[in-house]
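Quick check, what structure comes out for this input:
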Amino acid sequence: MSSDSWLPPDEAGLDTLAVHAGTRSEQPEGAVTVPIFQTSTYTFRDTAELRSHFSGEPHRMEYGRYGNPTQVACERKLAALEGTDAALLFASGMSAVTTTLLALVRAGQHVILVGDCYRRTRQFCQTVLAKFGVETTLVGAGDLGAIDAAIQKNTRVVVTESPTNPYLNCIDVAALKALKTKGRRFKVMIDATFATPINMRPHARGADLVVHSATKYLGGHNDLLAGVVCGSQPIIDAIREMQGILGGIVDPHAAYLLIRGLKTLPLRVRQQNATAMRLAAMLEAHPKVDQVWYPGLESHPTHAIARETMRGYGGVVSFALKADLDATSRFIDATRLFGIGPSLGGVESLIEQVALMSYIELTTEQRAAIGISDSLVRMAVGLENVEDLEADLLAALEAF
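You can find the predicted model right below:
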């Protein structure tokens, strides 16, 4: 490799890309890892260099809100992993989602959003975008017929997760792309946080944009906040322009931590896939469990799509107990290896009672109306020994 290049996606496997993509062959002082460029401002040698910069030849760093060398290295690694032209880092996953949507839509346009998705994404579309004259239509998860019927002449973007949160529904991205017939100019935006590029690469199947909360699996250690959007260079350039206005930039130290986390992403995800699959099967067979949602199980409503489109099924398992609100809380409290927390994707296993963690302000009836039962549990497995996690769950199931 030359000093200003990185391995493109078609020259290496994902494991190799995770380690080497985005890394210059000649780092400052011969460093193995990408340095942290902890600076907000970059100076110019003279006004001639300044003029050259603003004419675009050659482009260089100017101010921290518009880019940072540590950030750029991380973006190149992420683009390589997703198989896209470019990537853009943000301060959080929500910043990636909101900035991207604000860059894509304007007053009088229309967004289609899958209802079974992160509640804050839904809230942004239904409240904030609505204030700017953008209409949002909610459709059922994976319901291509409903999406087709909802498409209008002014539909600008279809937003979905795959798998979704919390019921882990998967969508056939290629079939969704096929709805883009003549006269339909919408973009397909997939939040693939739960999948990661190790389990699925939506861009290769037709997604225009792929979004991640990098806080989760990409970082992998519960120690950073970041988000990323990946896509073609022209779209990413437009989103970058919006980011420069809104200011949701990533800190260079967070970018450094993300680079570190990405190097072990394939190893971590494969282990979490295996652990989650085993625990999902165990829970499905348990008499105190009413239903399990995991794409790797044949009982999952979108298992066939997941089997066709994913290399692994992820580290999140959702399940409903044969219990009421309080009994489910006793189960949660009885676990010992699972931290009670709202995130996922790290090396530590986490668990939450969805009704309390995300919808505590609603009544049981109000939660039921949006498909959230009092006994719904979301479990995000980490890297602990699977036998230990299994024993912990079995003991907790006996405690209520």
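
tell me the domain boundaries of this protein?
What automatic domain parsing lists as the domains of the chain is 9-263, 266-397.

export those to a markdown table and tack on mean pLDDT and mean neighbour count?
(Glycine included, C-beta is placed from N, CA and C.) Below are the domains of the chain laid out as a markdown table (pLDDT from 0 to 100; neighbours: other Cβ atoms under 10 Å):
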| stretch | mean pLDDT | mean neighbour count |
| --- | --- | --- |
| domain 9-263 | 93 | 19 |
| domain 266-397 | 96 | 18 |
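
Against His221, how distant is Glu348?
Here Glu348 is placed at a distance of 9 Å from His221 (Cβ to Cβ, to the nearest Å).

Kindly apply the preceding question to Gln291 instead.
In this view, Gln291 and His221 are 31 Å apart by Cβ to Cβ.

Tell me if Ile190 really is in a helix.
No - assigned with DSSP: H, G, I helix; E, B strand; the rest coil, Ile190 falls outside any helix and is strand.

And it, how close does it get to Ile236?
As defined by Cβ to Cβ, Ile190 lies at a distance of 15 Å from Ile236.

before we move on, what about Ile351?
Ile351 sits at a distance of 36 Å from Ile236 (criterion: Cβ to Cβ).

Tell me where the stretch 201-350 of the chain has strands.
Taking DSSP state E, counting those that start in this stretch to define them, one finds strands in the stretch 201-350 of the chain at 209-213, 227-231, 289-293, 316-321, 339-340, 350-353.

would TSV of these with distance to Thr181 be doable?
Putting the strands of the stretch 201-350 of the chain into TSV (distance: least, Cβ to Cβ, whole Å) gives the following:
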stretch	distance to Thr181
strand 209-213	20
strand 227-231	21
strand 289-293	32
strand 316-321	34
strand 339-340	47
strand 350-353	41
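
Out of the ones you listed, flag the one nearest Leu265.
Leu265 sits nearest to strand 209-213 of all the strands of the stretch 201-350 of the chain, at 11.0 Å, using Cβ to Cβ.

tell me what that closest one is packed against?
Using 3 or more Cβ pairs under 8 Å, 6 or more residues apart in numbering; DSSP states H and E as the contact criterion, the neighbours of strand 209-213 among helices and strands are helix 93-104, strand 187-191, strand 227-231.

quick one: contacts for His286?
With contacts taken as Cβ atoms under 8 Å, 6 or more residues apart in numbering, His286 has the following neighbours: 394, 397.

From what I see, Ala281 and Ser299 are in contact.
No - with contact taken as Cβ atoms under 8 Å, Ala281 and Ser299 are classed as non-touching, separated by 10.1 Å.
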